[in-house]
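Asker: This is a predicted model, with the sequence first.
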Amino acid sequence: MSKNGNSRPSWDEYFLKLAMLASERATCPRMHVGCVLVKDKFVLATGYNGSLPGQPHCDDVGCLIVDNHCVRTNHAEINALVQATTHGVNVKGTTAYITNMSCTNCAKALIAAGIERIVVFSDYHDTLATNFFTESGVKITKVDMPEREINYDLENYSSAKKTERSK
Ligand SMILES: [Zn+2]
Ligand SMILES: [Zn+2]
């Protein structure tokens with residue numbers, strides 16, 4: 001059940017839950033962030049904060065702290081933009097669903113890429129993101145955190161064919 005008492009999530013809840021799911025892949029223990037870029041209700045790209053390809057994870061070797069921030073990872077927003085770039089996807093006009101408000105640099109990158117709207121449920125410390133977004137005309141929507149649970153009621157779906165692995 002979602003917060004509105006409906007078993008079916010709203011679009012915003014759905015995409016934020018996808019962002020929360022992406023964040024499960026994050027590799028820095030200081031913060032887990034997920035980002036999903038959406039246009040016309042289609043997911044164009046996803047990202048989470050993680051190390052550069054081929055480089056060690058904070059979870060394995062510890063964080064790389066500079067000025068009280070871990071700088072080892074690319075942030076979720078950057079990785080979503082990189083994923084889009086890798087596949088030649090134009091993200092202009094998209095909505096970015098992010099678990100947490102962006103840091104200043106990610107906000108600037110999203111704005112430069114043409115993102116039109118941000119949907120978040122959590123803030124982030126010492127960031128100028130809100131200022132940059134607002135001055136650039138990016139709409140910010142702050143919502144409640146969706147429920148953490150994934151509702152997939154396999155046992156009760158009458159059309160599901162049970163297997164050894166799905167009991
Ligand atoms: Zn780290
Ligand atoms: Zn960032």
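Answerer: That came in fine, so what should we check first? Residues are numbered from 1 along each chain as shown. Ligands and ions are numbered 1, 2, ... in the order given.
Asker: who touches stretch 39-53?
Answerer: Residues outside stretch 39-53 that contact it (CB atoms under 8 Å, 6 or more residues apart in numbering) are 11, 15, 18-19, 22-28, 31-38, 57-58, 72-84, 87, 89, 91, 93-95. No exception for glycine: its C-beta is placed from N, CA and C like everyone else's.
Asker: Give the buried residues for the one helix or strand residue 131 maps to.
Answerer: Secondary structure assignment for residue 131, by DSSP states H and E: helix 129-135. By neighbour count, and taking 16 or more other CB atoms under 10 Å as the criterion, the buried residues in helix 129-135 are 129-130, 132-133.
Asker: that older thread, so among the contacts of stretch 39-53, which ones count as buried?
Answerer: Of all those considered here, the ones buried according to neighbour count by 16+ other CB under 10 Å are 15, 18-19, 22-23, 26-28, 31-38, 57-58, 72-81, 83-84, 91, 94-95.
Asker: contacts with ligand 2 among these, please.
Answerer: Among the buried ones among the contacts of stretch 39-53, the residues that sit close to ligand 2 (CB under 5 Å from the ion) are residue 75.
Asker: So which of the buried ones among the contacts of stretch 39-53 are in strands?
Answerer: For the buried ones among the contacts of stretch 39-53, membership in strands holds for 34-38, 73-74, 95, with DSSP state E as the criterion.
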